[in-house]
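1. Structure of the sequence below:
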Amino acid sequence: MKTALAAVMMAAILATGPVSVMAQSGPGARQAVTGEVTRVDAKDGWVHVKTADGTMIVHYPPAQLQSVKKGDMVTLQLALKDNGPAPKK
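-> Have a look, this model is predicted:
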């Protein structure tokens, strides 16, 4: 089984706008996913973002979530890196 590390950054908080997904292909490809914040736990750094394909639950530095509120439109910038096989337990 392969494991992957997803690096996630909030790119922008949008006042309004449609849900959209933009992607590149190939190794190290990045993707922008836009959606609505449905839940935010700024104390522990968790945010739930409802997108066209489902809800993403993302951890982010708590200090950066202080101004993010339920109902905000946000864009997540995603990157996926294959780290190889999972270590055996």
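2. CA only for contacts and neighbour counts going forward, please
-> OK.
3. Enumerate the positions of stretch 66-80 that are buried.
-> 68-69, 71-79 (16 or more other C-alpha atoms under 10 Å).
4. List the ones among those residues that fall in strands.
-> Counting by DSSP state E, the buried residues of stretch 66-80 place 73-79 in strands.
5. could I get those residues as TSV with pLDDT?
-> Below are these laid out as TSV (pLDDT from 0 to 100):
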residue	pLDDT
M73	97
V74	95
T75	94
L76	92
Q77	91
L78	89
A79	89
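6. could these go into CSV alongside distance to P85?
-> Output for these, formatted as CSV (distance: C-alpha to C-alpha, whole Å):
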residue, distance to P85
M73, 36
V74, 33
T75, 30
L76, 27
Q77, 25
L78, 21
A79, 18
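7. And these, which is closest to A42?
-> Of all those, A42 sits closest to V74, with 14.9 Å by C-alpha to C-alpha.
8. re earlier: could you dump the buried residues of stretch 66-80 to JSON lines with distance to V40?
-> Output for the buried residues of stretch 66-80, formatted as JSON lines (distance: C-alpha to C-alpha, whole Å):
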{"residue": "V68", "distance to V40": "7"}
{"residue": "K69", "distance to V40": "7"}
{"residue": "G71", "distance to V40": "10"}
{"residue": "D72", "distance to V40": "10"}
{"residue": "M73", "distance to V40": "12"}
{"residue": "V74", "distance to V40": "12"}
{"residue": "T75", "distance to V40": "15"}
{"residue": "L76", "distance to V40": "14"}
{"residue": "Q77", "distance to V40": "18"}
{"residue": "L78", "distance to V40": "19"}
{"residue": "A79", "distance to V40": "22"}
